[in-house]
Each structure stands twice: as C-alpha cells, then as structure tokens.
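In: Prediction below, plus the sequence it came from.
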Amino acid sequence: MSLEDPVALYASKLYLGIMRRVSSGIDELDLLLGGGFLRGSNILIRGNTGTGKTILCCHFLVAGAKNNEKGIFISCDENHEDLRVSMSCFGWDLRKLEENEMLLILDLGRQRRYHLGRYHSDIKPICNDLIAEVETAFRQLNVQRLVFDSIDGLEAILGDFLMFKKFVFHFSTFLIDLGLTSLITTRFGSEGRKMSHYTGMELLCRGIVDLFLEEHGHDSKRVMRIQKMVGTRHTLRKIPYEILSTGIEISTGGIFEV
C-alpha cells in the first residue's frame, strides 16, 4: 500500500511515534490519553441521555478555538439557538466563536426540512450537501476539528437505514481522508451497554470513550471509561467525573480507587 494513501500514512506515523496530539479540552483526560486525542483520528463518544456527550464535544471545540484551530459542529439533535443557550451555562459563547469564524454550526434538522420541501422524499441531497459543506470548510476555512452529534439523530433525519449505513461508512472514511480530528456521539443500544445503536461505528472509529450513569444507593454517579484508543496506552478503569458550572471535571484522585 502506498504511503500516499491516507490510511497507510496514518499507520506509518503511528508506528514511528510521530503522531501529534490535540487537546480534548479537559486537562485530566488529556493526561490519561498521553497528551490528548491523536490528530486526524475519529473518536466515538458513547453514552445515554444525561451523561454529557455534547458537553465533552464542546470542550473539544472550545479548546481548539483557543489554540486557533477552527471547528465544525454538526447537530442532529439540537437547533442552533438551543445549542448556544445550553452551552452558555458553562461559560462558552458559541455565537462569538461563530462570529469570529472559529466555529461553524450545521443544523441537519433544518437542512432536512429544506430539502424535503424541494425534493419531497429524496434524501440524497442532504448527504451530498453535508459532505460538500464539510469539504468547503476544510479547504477554505482550514477547519481542523469536527463534532457530529449524534449519529443516531442522523438515522432519524434520513429515515432510511440502508442509506444511513452507507453514508456513515463513506463519511467516516471521508473525515479520515481529510485528516480532521472528529468526535462522533451515539447512545448505547437497548440490548446492552457494550454496543451502540449502529454497531459498525465501533469498528470504523479509532477510539471509543464511554460515559455512564451508575446507581449508588439513592444516588447516580457519572463515570467514563476509555474503551479503545489506537496508538495510546490508557487505563481501562472507570474514571469518575462530574458536570459542574465549568463543564466536565474529572476526579483524578478517584481514578485508581474505583
């Protein structure tokens, strides 16, 4: 395989140990990951409602903006304004990042309403436009980070499971080819916590971070686990965390006590 191939180039850099790291936006998580996520990797963030998937993703994008790395937030579950309001609770001004051209928010729900109004039941333009917008942002704006929240919401928007599967595979490969560092969120499947709703994502992504709500007597505790991270030595222990006014805070003292 030629090293001009993006996958082969990624593998060769990984083998040589020269892959750069990008901050997750959470210092303690970066420490556990040996400096952060591998640049150009795609990471699956799994967890059910209330575990903080979107918050973790915004940590990632805000950290990028502080480091002069532009980002894209592809939203399937929340519209622009709801996302801005909910993230402002943690001190993040997404509108300002948009105005400064450090963040681009794509609302797939709005796109679906637009396309169905023009093309009725044809959903291919939604997929084509999404890829075109991401590629344009990458080429013209030098975007380096991407969040897709959530892959389950995309299936609901498309309404066609076969097309959904094909698009997910194509889009994941497309992101790797561009060299974008991306976080993709999903919920756990109804049959157990080990597999997401679309199980193929576990194979397509180079990293998996699981977020859980665990019952402790009358209380619930949040814990995360780094399930998979290619090219990274990491703990498999449960990592306690909380969602505070500044976002996600990891209890480093409890990592080796759980």
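Out: Received it, and whenever you're ready, just let me know what you need.
In: C-alpha only now, for contacts and for neighbours.
Out: Noted.
In: partners of the residue most central in space within the chain in the sheet?
Out: Centroid-nearest residue in the chain: residue 183, 1.8 Å away (criterion: CA atoms, centre = their mean). Note on residue 183: beta-bridge partners by DSSP bridges are residue 43, residue 147.
In: OK, contacts around it?
Out: 42-45, 57, 146-148 (CA atoms under 8 Å, 6 or more residues apart in numbering).
In: helices or strands up against the helix or strand encompassing residue 58?
Out: Assigned by DSSP states H and E, residue 58 belongs to helix 53-66. Packing contacts for helix 53-66, counted by 3 or more CA pairs under 8 Å, 6 or more residues apart in numbering; DSSP states H and E, involve strand 70-75, strand 143-149, strand 181-186, strand 247-250.
In: Turn the ones you listed into CSV, columns for distance to residue 26 and mean pLDDT.
Out: Formatted as CSV, these follow (distance: least, CA to CA, whole Å; pLDDT from 0 to 100):
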stretch, distance to residue 26, mean pLDDT
strand 70-75, 17, 95
strand 143-149, 15, 96
strand 181-186, 14, 95
strand 247-250, 7, 96
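In: Can you add distance to residue 167 and give those strands back as a markdown table?
Out: Formatted as a markdown table, these follow (distance: least, CA to CA, whole Å):
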| stretch | distance to residue 167 |
| --- | --- |
| strand 70-75 | 15 |
| strand 143-149 | 13 |
| strand 181-186 | 14 |
| strand 247-250 | 31 |
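In: Figure out which of these is closest to residue 88.
Out: Smallest distance to residue 88 across those (CA to CA): 10.3 Å, for strand 247-250.
In: Pairing partners for that closest one, with directions?
Out: Assessed with DSSP bridges, strand 247-250 is paired to strand 239-244 (antiparallel).
In: Can you mark which positions in the strand it pairs with are buried?
Out: 239-241, 243 (16 or more other CA atoms under 10 Å).
In: pretty sure residue 235 is touching residue 226, no?
Out: Yes: Residue 235 lies in contact with residue 226 (CA atoms under 8 Å); the separation is 7.0 Å.
In: between the two, which one's more packed in?
Out: Relative neighbour count places residue 226 above the other of residue 235 and residue 226, with 20 against 15, counting by other CA atoms under 10 Å.
In: ok, and the closest residue in space to that one that isn't next to it in sequence, which helix or strand is that part of?
Out: Ranked by CA to CA, 6 or more residues apart in numbering and with sequence neighbours excluded, the top spatial neighbour of residue 226 is residue 209, at 4.6 Å. According to DSSP H and E, residue 209 maps onto strand 207-216.
In: Which elements pack onto that strand?
Out: strand 42-46, strand 219-229.
In: what's next to the longest one, contact-wise?
Out: For strand 219-229, the surrounding residues in contact (CA under 8 Å, 6+ apart) are 51, 206-215, 234-242.
In: and residue 98, what pLDDT?
Out: Residue 98 carries a pLDDT value of 96.
In: Could you do residue 170 as well?
Out: pLDDT, read off for residue 170, is 87.
In: sorry, back to before: residue 159 is nearest to which of the helices and strands packed on strand 207-216?
Out: It is, among these and with distance given as CA to CA, strand 42-46, at 21.5 Å.
In: quick check: mean pLDDT across the closest one?
Out: For strand 42-46, the per-residue pLDDT averages 95.
In: residues in contact with it?
Out: Contacts of strand 42-46 (CA under 8 Å, 6+ apart): 53, 172, 175-176, 180-188, 196, 201-202, 205-211.
In: how about 7 Å then?
Out: 53, 181-188, 196, 205-211 (CA atoms under 7 Å, 6 or more residues apart in numbering).
In: The residue nearest to residue 226: what's it in contact with?
Out: Applying CA under 7 Å, 6+ apart, the residues near residue 209 are 44-46, 224-227.
In: how far away is it from residue 89?
Out: 24 Å (CA to CA, to the nearest Å).
In: now the contacts of strand 219-229: which count as buried?
Out: By 16+ other CA under 10 Å, these give 51, 206-213, 234, 238-241 as buried.
In: Great, nothing more from me.
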